[in-house]
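> could you work out the structure for the sequence below:
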Amino acid sequence: MKEDILEKALDWSKNPYFDENDRREIRNLLANPDKYKLEITERFHQDLEFGTGGLRAPMGIGRNRMNKYNVRRATQALANNVLKDSGERIAVISYDSRNFSKEFAMEAAGVFAANGIKVHIFSSLTPTPMLSFGVRYFKASCGVMITASHNPPIYNGFKAFWKDGAQVVPPTDGKIIDEYNRLTNWDDIKYIDFNLALRQGLIFWTDEKVDEAFYEMIKNKVIQDLDLCKNHGDKLSIIYTALHGSAEVPCTVASKKVGFTNFYSIPEQSRPDGNFPTVKSPNPEDPKALSMAVDYMIKNMGDIVYGTDPDGDRLGVVVNHQGAPVILNGNQIGALMIYYVFLRMEEKHKIPKNPLVIKSIVTSPIQNAIVEHFGGTVLDTLTGFKWMAGLIRELEEKNSPYQFVFASEESFGYMPHKESRDKDGVSSMVLMSEAALYFKQKGMTLVDALDEIYNKFGFFYESLLSLDYEGIQGSEKIKRIMDYFRKESDQVITGEKVTIREDYSVSQSFNLINQEIKTIHLPKSNVIGLTFFNNNKLFLRPSGTEPKIKFYTMVKETHGTLEEKKSNALHKVRLIEDKIRTICEKA
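As a prediction, the model looks like this:
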C-alpha cells in the first residue's frame, strides 16, 4: 500500500470535522492495514470524483466513497457557482428510495441554506423527472437529485441540475468541478442544521401543488388523445412494478388521472426499500427484475407490464402477445412511442412545422427512418439526456425553427415532452399505455405494431454487450480495451470490414478506404464508433457511472421475409459479440 494512501486515511481518522463514529471506523481499518489493505486503498486512493453529472459511488466513510461529507462538498461547489449569478437564488432537492437518500438530501439542503440559497425540498420520494420539472416550476437556480439510478444497493449518488432543469453541461459542469476540486479544506464548507434552517424559513418542504402541475403537464403535453384514454382506458390491463423505488405513487396517480384505472401494482415491490430485497438489480433493463410482474400478467391475462428504476427515469416494457410475454428493448420502446406520436399527429393534421426528434449516437437509426417519413428531422447527441437537454436549450437560444417532439436513448430513457429536461419514466409510461390502447382497439398488440414498423421502414436490430471490470485493475483493463479498438479496429471484426472509425475523444472521423478525415461536431468523449462496409455499426464506450464498458451493435437487414431478416441480423450480431469477447479477454 502506498504511503500517501495511509497518510490520507490517518488524516481522516484524526480530523475533528468528521463525526467520532466515522473516525473510529477508519481507525479500526488502520489497526490492521494488512488485512484491510484493499479496503483502505479503494476508500482513500483518490478523492471521489465529481464527474460531468455529479457523484456516484459505493456508500461508506472515506475520500472515495459516497457519504454526507462528500455530499456537502459537492453542494458547496454547486452553491459557489449559483452565488456568482444575479437574481433570486433558489435550489430544489429531491431523493429516491435508496438508503440514506433522504439524509443526504437534507445535508445538501443545510449547505444551500447556510449559503443564503432558498431551498425547496420535496416532502416525499420523488423521481428524477419530477425534480427536473420542479427546478423549472420554482424558477430555481439549480437542483439536486440524490440517487444512484439502477446501481446496486451499496451505491448512492448526487446529480446536479442547472436552472433549465437539465443536468449540468459545459461550461457549467467544468466550473462546478473546479470549485469541488478547490474545496480541500473541509472548514470552507458552510453548513447549518436542517431543522434549524427549516424553523428560520431558509428551507421549505414542497406541497402537492408542484405534483399536480406535473400531472396536468402529462395530460396537456404528452397524451395525444385524452378522450380515448378517458373513455376506454379501463380496457387496458396494466401491471406495474416500482422495483422498490420512488415512482410508485407518481406512476399510479398519473395513469389513473388520464383514465388507465385497470392498474395493478405488484405489492411485494411497491414499498420503497433501498435494499431492493426482491431483485438482484433494480433495473428495468434486466428481464429478471420484471419477472414477478410478468408472471402476474400471464396468469391474469393482463395486457402489459411496466417497470421503473429507483429514481423513476427509466421504463421497461413487456407485452402479452398471444399469451406469451415479449420483452421490448429500449430501441423498440422508443420507436413505438415515436411512431405512435407521429401517426396520431398525422391523423389529426397536427404535425408541427420542422418536427424534431433527438437521440443519442448509440440509439437505433430506425428513428431516422420513422421521423423522416413524417417529414421530421433527427439530431444526434452524445449518450446522456444532459446532452439532449443541452441541445434543446441551445436551439431555443438560437430561436431555431425546429419544434421539439421527442428525445430518447437506447438505455430505456425517453422524454416525450420538454417541460422537464431529463428522461421521464412516468410520462413515458402513460404515453406507452395510450399507444397500447390505441393498437388494442385495432386488434393489435404492441408487438404487432412493431412488426408494422419493420414492414414499413425496414428491419433494424440492435444489441448491447456490457462487460464489467471492477476496481483499479478494472479501470486499467477498460483503458487497454479502448486503446486496442482505437488502433486496431480495422482488423478486429471477422467478415465485417471496417470502413470508418470515429474517435470522439479527438472529434475526428477517419475513412479507412480513402484516408479522408472529417471533424465530428460534438463535445469530446471517450467513445469509438466503427462503420462497416455494409453500413452496420459498432460503438463502444466506458460507462460514466458504472465499472463497465459497453458495446453497441447495430445492423439492418433488407432481404427476405421478416422472420429471415430477424434470424440473419441475430446471427451477425452474435458473431461480432463473440469476437469482442475474445479481444477483451486478451486485453
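> what sits against Ile333?
If a contact means Cβ atoms under 8 Å, 6 or more residues apart in numbering, then Ile333 has 315, 317, 412, 414, 428, 432 as its contacts. The way it works is simple: take the backbone N, C-alpha and C, and place the C-beta from them, glycine included.
> tell me the one of those residues nearest Leu391?
Out of the contacts of Ile333, the one with the shortest distance to Leu391 is Tyr414. That distance is 15.7 Å, counting by Cβ to Cβ.
> what helix or strand is the closest one located in?
Here Tyr414 sits within strand 413-415, counting by DSSP states H and E.
> where does this protein dip in pLDDT?
Residues of the chain meeting the criterion pLDDT under 70: 1, 489-494.
> got the domain ranges for it?
67-206, 213-457, 459-586 (automatic domain parsing).
> tabulate the ones you listed (JSON lines), appending distance to Arg27.
Written out in JSON lines, the entries for these read as follows (distance: least, Cβ to Cβ, whole Å):
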{"stretch": "domain 67-206", "distance to Arg27": "16"}
{"stretch": "domain 213-457", "distance to Arg27": "27"}
{"stretch": "domain 459-586", "distance to Arg27": "24"}
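> circling back to that earlier point, other SSEs contacting the strand holding Tyr414?
Using 3 or more Cβ pairs under 8 Å, 6 or more residues apart in numbering; DSSP states H and E as the contact criterion, the neighbours of strand 413-415 among helices and strands are helix 330-347, helix 385-397, strand 403-409, helix 425-441.
> what comes into contact with it?
With Cβ under 8 Å, 6+ apart as the contact definition, strand 413-415 has outside contacts at 313-315, 330, 333-334, 337, 385, 388-389, 406-408, 421-425, 427-428.
> surely Tyr180 touches Arg73?
Yes. Counting by Cβ atoms under 8 Å, a contact exists between Tyr180 and Arg73, whose distance comes to 6.3 Å.
> now for the longest helix along the chain, which elements pack on it?
With DSSP state H applied, the helix covering the greatest number of residues in the chain is identified as helix 562-586. Using 3+ Cβ pairs under 8 Å, 6+ apart as the contact criterion, the elements in contact with helix 562-586 are helix 446-457, strand 459-468, helix 471-488, strand 548-557.
> what angle do the last one and strand 459-468 make?
Which is strand 548-557. Computed with axes from the mean of the first three to the mean of the last three Cα atoms, to 10 degrees, the direction of strand 548-557 lies at 170 degrees from that of strand 459-468.
> give the pairing partners of strand 548-557; include direction for each.
The partner list of strand 548-557 in its sheet, established with DSSP bridges, is strand 459-468 (antiparallel), strand 537-542 (antiparallel).
> Ile361 is nearest to which of these?
Closest to Ile361 of these, according to Cβ to Cβ: strand 537-542, at 6.6 Å.
> distance from that closest one to the middle of the chain?
The chain centre lies 17 Å from the centre of strand 537-542; the measure is Cα atoms, centre = their mean, to the nearest Å.
> quick one: buried residues of that strand?
For strand 537-542, burial by neighbour count (16 or more other Cβ atoms under 10 Å) applies to 537-542.
> got it, and stretch 544-558?
Of all the residues in stretch 544-558, those buried under the rule 16+ other Cβ under 10 Å are 545-546, 549-557.
> what about the residue of the chain most remote from its centre, distance to Leu10?
Computed with Cα atoms, centre = their mean, the residue of the chain farthest from its C-alpha average is Ala31, at 40.4 Å. When Cβ to Cβ, to the nearest Å is the yardstick, Ala31 and Leu10 sit 12 Å from each other.
> cool, and Arg421?
Here Arg421 is placed at a distance of 44 Å from Leu10 (Cβ to Cβ).
> these two: which is more packed in?
Arg421 (27 against 14; other Cβ atoms under 10 Å).
> where's that one relative to Gly134, distance?
Between Arg421 and Gly134 the distance is 11 Å, computed by Cβ to Cβ.
> next: Gly458.
According to Cβ to Cβ, Gly458 and Gly134 sit 41 Å apart.
> looking at those two, which has the bigger crowd around it?
Regarding Gly458 and Gly134, a neighbour count based on other Cβ under 10 Å identifies Gly134 as having more, with 27 against 14.
> tell me which strands and helices the host helix or strand of that one is in contact with?
Gly134 is part of helix 128-137 when elements are defined by DSSP H and E. Taking 3+ Cβ pairs under 8 Å, 6+ apart as contact, the helices and strands that helix 128-137 lies on are strand 90-95, strand 142-146, strand 155-162, helix 208-217, helix 425-441.
> which ones are touching Pro153?
Contacts for Pro153 were tallied using Cβ under 8 Å, 6+ apart; they are 98-99, 274-276.
> what of Thr445?
Contacts of Thr445 were listed using Cβ under 8 Å, 6+ apart, and they are 303, 319-322, 326, 436, 439.
> redo that, cut-off 6 Å
For Thr445, the set of contacting residues under the criterion of Cβ atoms under 6 Å, 6 or more residues apart in numbering consists of 319, 321.
> so how far is Arg271 from it?
Here the criterion is Cβ to Cβ. By it, Thr445 lies 31 Å from Arg271.
> what of Asp96?
According to Cβ to Cβ, Asp96 and Arg271 sit 14 Å apart.
> which of those two has more residues huddled nearby?
Asp96 (30 against 11).
> backbone phi and psi for the more buried one, please?
Dihedral pair for Asp96: phi -100, psi -160, per degrees, to the nearest 10.
> can you check the one 4 residues further on too?
Here is the backbone geometry of Phe100 (degrees, to the nearest 10): phi 70, psi 10.
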